[in-house]
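Engineer: give me a model of this one.
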Amino acid sequence: MENVVKILGCGLQASGFILYRCSNRDCTHTKRVCFSCNSRSCPTCGKRAIDQWTEKTIHMFPNCSYQHITFTMPDVLWHVFKDNRDCLNDLIRIATQTLIKTAKKKGITIGVFAAIHTYGRELNWNTHVHVSVTMGGLDKDNNWKDIEFKKDNIMKMWRYGIINLMRQLIDDGYNNITKSIVSKQYDKQWIVNFDKPTKDYKHTIAYIGRYTKKPPIAMSKIKRFDGKTVTFKFLNHRTKKYKTTTVTMEEFFEKFLQHIPEKHFRMTRYYGLFATAVRGKLLPIVYKIFNQKLKSTVVTTYQQMSLISFGYDPFRCILCGNQLKASMFVVGKTISQLIDCHVELASRKRMPR
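Structural biologist: Below is the predicted model:
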């Protein structure tokens, strides 16, 4: 509810704004810049969130080789995590522990960055985990030691972990899947996709960021809405071509809303060298090994984004060309107040004071 209302109020005066006046005293031009909602599900706010998160994350990663691994499972198991959303935490834990335990047996601490995805290209529920892992780590003497992960071993550990979790859920009373169906998955070769190791980790970070910081569907993918049905396009994995599908408005909302995560749920996690508790101690050692100098994180402002994306300075006066300066800050309505006015927000009618 909060996310939907935030999206409805994004960029409207009801959410608050800053009033700008021209710095030229002889010019009367004013401009209101409304606040964005910063919802992770908002199509408008997604681009800025991706850029800022990527910039911040990239500067933390050491200049070593990385491997991007995607952990998937048979589609007959997807609905279990939709019914038990709290188990998404277990899903990402099981995926990362396959790598951390493998490295620990060799006496090294690796760096692991992981993100969980719940949707496919058609907005269907499809739980899988993306992981970027360092191809080496620190041993007990703080020396760098390379490592190579065996795909078949990792797959078996992943499969065992998920199936064991399923059995625990059934034992606890979950009855939307049977143990016989779960046991049959042992006979299948689960898909755990290993990309080739690369030092171009920036591409992987940007790729994962696009899926964790943006909404399930971009505005550009929605081709038509007639008040009753929604037509959107998606990239078909098999044919590598775009297809269009039309669903009812109710079906579209159901598809979209199911992917809004629970409040305070973290879509991305850091482990090993990247864990918050130890990164301040271990990462400087790694930076020294690779002769890496840290760059300061650059915060992209609203003005900079407009210049980069559109070649337009939003704070340049359209009348005289001088710069606009902030003159007044107006606080918007609270979330509870916006929820009370959700009908007015959705229909773009005047809201009560």
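
Engineer: pull out the buried positions in stretch 295-313.
Structural biologist: Within stretch 295-313, no residue is scored as buried using 16 or more other C-beta atoms under 10 Å. To be clear about C-beta, it is placed using only N, CA and C from the backbone, and glycine gets the same treatment.

Engineer: and the end-to-end length of that stretch?
Structural biologist: Terminal residues of stretch 295-313 lie 27 Å apart, using C-alpha to C-alpha, to the nearest Å.

Engineer: repeat for stretch 251-267
Structural biologist: End-to-end distance of stretch 251-267 (C-alpha to C-alpha): 25 Å.

Engineer: cool, and stretch 78-92?
Structural biologist: So stretch 78-92: terminal residues 14 Å apart, C-alpha to C-alpha.

Engineer: who touches it?
Structural biologist: The set of residues external to stretch 78-92 that reach it, using C-beta atoms under 8 Å, 6 or more residues apart in numbering, is 114, 116, 118, 125-127, 129, 162, 165-166, 169, 174, 176-177, 258, 261-262, 265, 269.

Engineer: show me which of the residues you listed are buried.
Structural biologist: For the contacts of stretch 78-92, buried by 16+ other C-beta under 10 Å: 114, 116, 118, 126-127, 129, 162, 165-166, 169, 177, 261, 269.

Engineer: what two of these are the furthest from one another?
Structural biologist: Farthest pair in the buried ones among the contacts of stretch 78-92 (C-beta to C-beta) is 177 and 269. Separation: 25.9 Å.

Engineer: how close does the nearest residue to residue 191 once chain neighbours are set aside sit to residue 6?
Structural biologist: In this structure, residue 191 finds its nearest non-sequential neighbour in residue 72, 4.8 Å apart by C-beta to C-beta, 6 or more residues apart in numbering. Per C-beta to C-beta, to the nearest Å, residue 72 is found 31 Å from residue 6.

Engineer: quick one: which of the two has more around it?
Structural biologist: When residue 72 and residue 6 are compared for neighbours, residue 6 comes out ahead with 22 against 17, by other C-beta atoms under 10 Å.

Engineer: tell me what the host helix or strand of the more buried one is packed against?
Structural biologist: With secondary structure defined by DSSP states H and E, residue 6 is part of helix 2-9. Packing partners of helix 2-9 (3 or more C-beta pairs under 8 Å, 6 or more residues apart in numbering; DSSP states H and E): helix 335-340, helix 342-347.

Engineer: I'd like those helices as a markdown table, with distance to residue 218 and mean neighbour count appended.
Structural biologist: Shown next, in a markdown table, are the helices and strands packed on helix 2-9 (distance: least, C-beta to C-beta, whole Å; neighbours: other C-beta atoms under 10 Å):
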| stretch | distance to residue 218 | mean neighbour count |
| --- | --- | --- |
| helix 335-340 | 24 | 16 |
| helix 342-347 | 21 | 13 |
